[in-house]
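*Asks:* pasting the sequence and the predicted model now:
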Amino acid sequence: MKIDWAALGSVFGISLVATVALVGLFTLGIVALSKQEEAVARGGSAAPARTGAYACFGLCLAAVAYGIYLIVA
């Protein structure tokens, strides 16, 4: 049995980058939600922080849906 190490390394690298990007995007959404609470406490507008958080969560959802599509198709 011969293992294609280049293909294995490629899959590992792409998986690592995708995982770090997805976790980072989700983290940005959580940070934006916490900034929303701070803005409300200071009497400011929470709309930009909420919009950013929803955008981050929406992109996470799109990435997960695309991954499921790739698995199923």
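*Replies:* Cool, got the structure.
*Asks:* and residue 22, what does it touch?
*Replies:* 60, 63-64 (CB atoms under 8 Å, 6 or more residues apart in numbering). No exception for glycine: its C-beta is placed from N, CA and C like everyone else's.
*Asks:* ranges for the helices of this protein?
*Replies:* With DSSP state H as the definition, the chain shows helices at residue ranges 5-41, 47-72.
*Asks:* rebuild those as CSV, extending it with mean pLDDT.
*Replies:* CSV is the format used below for the helices of the chain (pLDDT from 0 to 100):
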stretch, mean pLDDT
helix 5-41, 92
helix 47-72, 94
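*Asks:* which of the contacts of residue 22 has the most neighbours?
*Replies:* Highest neighbour count within the contacts of residue 22, by other CB atoms under 10 Å: residue 60, with 17 neighbours.
*Asks:* residue 41: which of the contacts of residue 22 is nearest?
*Replies:* The nearest member of the contacts of residue 22 to residue 41, counting by CB to CB, is residue 60 at 26.3 Å.
*Asks:* could you check how far residue 72 is from residue 45?
*Replies:* 41 Å (CB to CB, to the nearest Å).
*Asks:* more crowded one of the two?
*Replies:* Each of residue 72 and residue 45 has its neighbours counted (other CB under 10 Å); residue 45 has more, 10 against 6.
*Asks:* for the more buried one, what are phi and psi?
*Replies:* Per-residue torsions, residue 45: phi -90, psi 140 (degrees, to the nearest 10).
*Asks:* what's the pLDDT at it?
*Replies:* pLDDT, residue 45: 79.
*Asks:* next up, the contacts around it.
*Replies:* Residues in contact with residue 45 (CB under 8 Å, 6+ apart) are residue 39.
*Asks:* turn the contacts of residue 22 into TSV, including distance to residue 52.
*Replies:* Below are the contacts of residue 22 laid out as TSV (distance: CB to CB, whole Å):
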residue	distance to residue 52
60	13
63	17
64	19
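*Asks:* which of those residues lies closest to residue 18?
*Replies:* residue 63 (7.7 Å).
*Asks:* just list the residues touching the closest one, thanks.
*Replies:* Per CB under 8 Å, 6+ apart, neighbours of residue 63: 18, 21-22, 25.
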